[in-house]
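# Quick one: sequence plus predicted model below, questions after.
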Amino acid sequence: MSAKSICVEDNIGLVHACAKKFLSKGIEYEDIVQAGCLGLTKASKSFDETRGTQFSTYAVPVILGEIKQLFRESGALKISRSLKDLSLKINRETEKFLSLHGRSPSINELSEILEESRENIFEALEASQKPLSLTAVRDDKDEELDVPVDSEEEKISARLSIGKALDELDEIDKNMIILRFFKGKTQTETAKILGLTQVKVSRREKVILKELRAKLS
């Protein structure tokens with residue numbers, strides 16, 4: 001049995017603790033637990049113990065996010081105004097941080113900047129997706145189709161993922177990507193700044209982009 005499987009089994013109590021907060025809210029407890037288990041599994045796969053955070057601290061927001069997503073999809077849970085406001089603040093601060101540091105902030109950094117808990121930050125990032133209603137005609141009857149569209153929260157999450165992937169690169173590779181794709185430098189300009197040849201930048205850039213795509217897929 002893998003360490004990840006043990007981690008999930010040992011922490012199943014977190015799922016029930018989170019699920020109990022949603023009793024009598026219109027969805028069967030078994031379905032809530034199932035969504036929570038999905039969150040626990042996701043948390044176990046992405047948890048990095050080297051960052052010094054306890055697994056339970058990391059997992060609870062992920063579990064709650066999956067449970068709340070279940071309620072949002074069923075229409076049983078409404079997003080509060082305060083959560084919407086927080087997601088807008090996160091968006092603004094992420095843009096500022098990106099322009100200053102060439103990368104997106106981590107959830108811990110956003111928590112410190114906005115003086116909000118990690119749970120609140122994660123919850124805001126997991127805020128409801130905005131549906132786009134389309135009307136299709138079938139058999140002379142109108143049928144409403146809900147087509148999901150990308151929300152600002154999804155864009156922020158994507159930027160956070162990119163920032164994490166960049167942090168895992170060595171310093172030269174990281175600076176190369178920042179110069180080329182965040183600061184708009186040409187390969188020639190980038191080569192001059194890094195003390196490399198344009199040919200080496202071109203070749204290395206292809207390798208780095210391939211590695212980043214693999215990490216983000």
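Looks like it arrived, so ask away. Values in this document were obtained by computation on a predicted structure and should not be read as measured data. Numbers count the residues shown, from 1 in each chain.
# what residues are up against residue 183?
residue 102 (CB atoms under 8 Å, 6 or more residues apart in numbering). Bear in mind the C-beta positions are built from the backbone N, C-alpha and C, glycine included.
# which residue ranges form the strands in the chain?
Listed in chain order, the strands of the chain (DSSP state E) span 131-138, 141-148.
# Just the mean pLDDT for the last one, thanks.
Strand 141-148 shows a mean pLDDT of 39.
# Check stretch 115-126 too.
Here the average pLDDT along stretch 115-126 is 77.
# now do the same end-to-end measure for stretch 169-189.
End-to-end distance for stretch 169-189, by CA to CA, to the nearest Å: 21 Å.
# Report the buried residues of that stretch.
Using 16 or more other CB atoms under 10 Å as the test for burial, stretch 169-189 gives 169, 173-180, 185, 187.
# ditto for stretch 90-106
When burial is assessed from 16+ other CB under 10 Å, stretch 90-106 yields the following buried residues: 90-91, 93-94, 97-98, 102-106.
# Residue 175 contacts residue 195, correct?
No: using CB atoms under 8 Å, residue 175 is not in contact with residue 195, being 11.0 Å away.
# is it true that residue 106 touches residue 162?
No: contact criterion CB under 8 Å: residue 106 and residue 162 do not qualify, at 11.9 Å.
# what sits against residue 59?
11, 14, 39-40, 43-44, 47.
# burial count for residue 22?
Using other CB atoms under 10 Å, residue 22 has 21 neighbouring residues.
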